[in-house]
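> below are the sequence and a predicted model; questions follow.
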Amino acid sequence: MSFSYRAGSRRDAETVDRLFRTSFMATFAHLYRPEDLDAFLSKFTPQAWEAELADDRFAFQLAEADGEPVGFVKLGPAELPVERNGPAIELRQFYLLHEWRGAGVAHALMKWTMEEARVRGAREVYLTVYTDNHRARRFYERYGFQEVGPYKFMVGEQADEDIIMRAQV
């Protein structure tokens, strides 16, 4: 098995959409009413992904196993409601197909995330994580992320209890 990593481009919009939906649904779908899930997912379309992939304010890194896409990470402008201590960037999405957990792909994507944040001049990286997603929280903590405060993450009309985390770059 060989893994490769590359920058996302506009031509990856459908791939990113598929990876996002598959991973999100496998991890979180059971938490929501169908109408809330539909409302949330309706904001994520191949056209919306394509617009972000073409926007220099965002950076995508895709992971592939033997040429097949298995995950991605997206950085973008820091917009979370926190007081920043300098230039910041936000880890907006980090999705990996479940069958690739533990294969080292997430580590490689996070290494890229922190390096790309530095290249873009950030001193801090922010993200949100679902309070009960203990696996993800432990993963982020290994990279120096610490809890900053609570955050209401809206999925349709349901407000999830998330945590804002920050790491120094």
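Perfect, I can see it now. Residues are numbered from 1 along each chain as shown.
> hang on, residue 169 packs against residue 118?
Yes: judged on Cβ atoms under 8 Å, residue 169 makes contact with residue 118 at a distance of 5.1 Å. No exception for glycine: its C-beta is placed from N, CA and C like everyone else's.
> neighbour-wise, which of these two wins?
The neighbour comparison of residue 169 against residue 118 (other Cβ atoms under 10 Å) goes to residue 169, with 20 against 13.
> list the contacts of the more buried one.
114, 117-118, 122-125 (Cβ atoms under 8 Å, 6 or more residues apart in numbering).
> which one is it nearest to, not counting chain neighbours?
Spatial nearest neighbour of residue 169, chain neighbours left out: residue 117 (4.7 Å); criterion: Cβ to Cβ, 6 or more residues apart in numbering.
> let me see the ranges of the helices in this protein.
Secondary structure of the chain (DSSP state H): helices at 13-28, 34-41, 46-54, 105-119, 134-142.
> export the ones you listed as a markdown table, with columns for mean pLDDT and distance to residue 152.
Shown next, in a markdown table, are these (pLDDT from 0 to 100; distance: least, Cβ to Cβ, whole Å):
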| stretch | mean pLDDT | distance to residue 152 |
| --- | --- | --- |
| helix 13-28 | 97 | 15 |
| helix 34-41 | 97 | 13 |
| helix 46-54 | 98 | 22 |
| helix 105-119 | 98 | 24 |
| helix 134-142 | 97 | 17 |
